[in-house]
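1. here is my input; please provide its structure:
(4 chains)
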2 protein chains.
Amino acid sequence: MNIINLKYEEAIPITEAFKNLEPTKRKRIINAALKEFAEKDFDHASTNSIVKNAGIGKGMLFYYFQNKRDLYLYLIDYCLMLNKREYLDLIDENEPDFIERLKRASRIKWKLLQDNPDVLNFLGTVFLKDDDQLSDEVRQKIEEVTQYGWEKIYKNINLSLFREDIDVEKAFKLIQWAIAGYEQEMKYRLHNQTLSSIDYEPYFKEFFGYLDVLKRSFYTKEEER
Amino acid sequence: MNIINLKYEEAIPITEAFKNLEPTKRKRIINAALKEFAEKDFDHASTNSIVKNAGIGKGMLFYYFQNKRDLYLYLIDYCLMLNKREYLDLIDENEPDFIERLKRASRIKWKLLQDNPDVLNFLGTVFLKDDDQLSDEVRQKIEEVTQYGWEKIYKNINLSLFREDIDVEKAFKLIQWAIAGYEQEMKYRLHNQTLSSIDYEPYFKEFFGYLDVLKRSFYTKEEER
DNA sequence: GAAGATATTGACCAGTCTGGTCTATGATGT
DNA sequence: ACATCATAGACCAGACTGGTCAATATCTTC
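-> Below you'll find the model as predicted:
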């Protein structure tokens, strides 16, 4: 089985009512819920807070979902799907230059982040909790998507771009830590500005500057190839 | 004023009772409180949870501290002091090699982390909250310690170790992101093991391996110096 | 416009947890 | 015996919890 062709099927049955909801409203609910679950753990996440932020009456939430847990499971499923469809699927696995591939991937990720600010935060909390309340089905799906992402990043990388005296595995890690570090820094720098109405291009420029340093450091010089 | 000689004075008045407490018990309380405040924000941190984890009666906490907020402020003060005395003060500002200086610093930091696992986590949450409930005095003290740490890291670094074609400022960042990345990875890898009873030396070895890659990449070769 | 189905609200429920108080008792020293 | 300090935990009013439900508003179909 070639996992790179991973299909995505709904695992969590959700009510017709919610499925047929007008998309903007559905998204309002999803976003409010994602934000709440991203900030607090399951027990402390408040359905009251969710309905308030979503701008719906308390009753509606339990009209759409049977209970808090079902909502949570649906969100996991939804985010896994989105993460696959709007991010992983779009990574170009034919780009053999590791840094270049990740550079492009980060533009895609950024797009996802702008459209759905809390999806990745939420998924992050899910990944590092080994919640024994999750069904095997969901747990397995998490596993699959993780594996799929791993392949999209590492498959068909041209290792000969790297200098001979450099441990490629370590370089991989260092590059990813650099990206994570820059992300973190941006989150900190922009942490009180409204995400829209900012011109991000200068930040990408700056970010690519860091990647260039890494290329110059880790890759063999052009003229030596 | 040479801030590098920053003195440390108690800002938060604390009760005699708590000051005179037998150290092991005092530490039990501090640690329980740190853990709680590191995990939850001020409002959601539970004093009940703290007394339970500290193994004291509810009444005692409010015998030692006037209220929750005073406890919180005391913890900030305590952690700033510890961070200075047990970490920043011990960084060797005469080591001109940036990576080498940080390498040694990380051993010291690790020691602090073993003795007081939650101090840095807690301080982290304090740093990124711009809590308007903090007194100017505390806020200024945070500022001072931050500045002090910054100087301990960057002062007297020999920039000529770096390759000419590499932006040193960017290299600084990349090195620190690498360290943060490894820290994160270790936290994830060890996240369910008991912190004691582990031989950390292999991990330091591995960590230093990453730093060596960075040295090889960012620094001019020995024979060219 | 009647009838029936569907969508929506928020008051309400019992229960849990909150920061903080206070009384009762234990310990210690004189 | 007395006074001072240390300690525990029952107790408080109030906030908040996930979830329910009866009351209505809105829509669809005839």
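2. so which residue is dead centre in chain A?
-> A:Leu120 (3.8 Å; CA atoms, centre = their mean).
3. ok, that residue - contacts?
-> A:79, A:83, A:109, A:112-113 (CB atoms under 8 Å, 6 or more residues apart in numbering or on different chains). All C-beta spots, glycine's among them, are computed from the backbone N, C-alpha and C.
4. how about A:Thr125?
-> A:37-38, A:41.
5. do that again at 6 Å, thanks
-> A:Ala38 (CB atoms under 6 Å, 6 or more residues apart in numbering or on different chains).
6. check the gap between it and B:Glu39 for me.
-> When distance is defined by CB to CB, to the nearest Å, A:Thr125 is 13 Å away from B:Glu39.
7. mind checking the SS state of the residue nearest to the centre of chain A?
-> helix (DSSP: H, G, I helix; E, B strand; the rest coil).
8. do a quick rundown of the helices in chain A.
-> Along chain A, counting by DSSP state H, helices occupy A:16-19, A:23-39, A:47-54, A:58-64, A:68-86, A:98-115, A:119-128, A:136-154, A:168-189, A:201-218.
9. how far off centre is the second one?
-> In terms of CA atoms, centre = their mean, to the nearest Å, the centre of helix A:23-39 is found 16 Å from the chain centre.
10. give the buried residues for that helix.
-> A:28-38 (16 or more other CB atoms under 10 Å in any protein chain shown).
11. out of those, who's nearest B:Phe172?
-> A:Ala38 (31.2 Å; CB to CB).
12. hmm, the closest one is touching A:Asn116, no?
-> No - in this structure, A:Ala38 is not within contact of A:Asn116 by CB atoms under 6 Å, at 11.2 Å.
13. name the spans of chain A whose pLDDT lies under the cut-off.
-> Applying pLDDT under 70 to chain A flags residues A:1-14, A:195, A:223-225.
14. who in it is up against DNA strand D?
-> A:45-49, A:58-59, A:62, A:67-69 (CB under 7 Å from any atom of the strand).
15. swap in 6 Å and give it another go.
-> A:45-49, A:58-59, A:62, A:67-68 (CB under 6 Å from any atom of the strand).
16. now A:Ala45: how far from A:Ala32?
-> For A:Ala45, the distance to A:Ala32 - CB to CB - is 11 Å.
17. whoops, A:Gly124 was the one
-> 18 Å.
18. now do A:Glu137
-> 26 Å.
19. how far away is the closest residue to A:Thr146 other than its chain neighbours from A:Ile142?
-> Nearest non-adjacent residue to A:Thr146, counting by CB to CB, 6 or more residues apart in numbering or on different chains: A:Phe127, 7.5 Å away. Distance of A:Phe127 to A:Ile142, given as CB to CB: 7 Å.
20. same question, A:Arg28
-> Taken as CB to CB, the span from A:Arg28 to A:Ile142 is 26 Å.
21. and A:Phe62, by the same measure?
-> Distance from A:Phe62 to A:Ile142, by CB to CB: 26 Å.
22. spell out which parts of chain A neighbour DNA strand C.
-> Near DNA strand C, when you scan chain A using CB under 6 Å from any atom of the strand, you find A:17, A:20, A:56-60, A:63.
23. which single residue of chain A ends up nearest DNA strand C?
-> Here chain A gets closest to DNA strand C at one residue, A:Gly59, 2.2 Å apart by CB to the nearest atom of the strand.
24. could you pull up the residues touching that residue?
-> With CB under 6 Å, 6+ apart, A:Gly59 has no contacts at all.
25. also A:Lys68?
-> By CB under 6 Å, 6+ apart, the contact set of A:Lys68 is A:Thr47.
26. chain center to stretch A:22-41, what's the gap?
-> Worked out by CA atoms, centre = their mean, stretch A:22-41 lies 15 Å from the chain centre.
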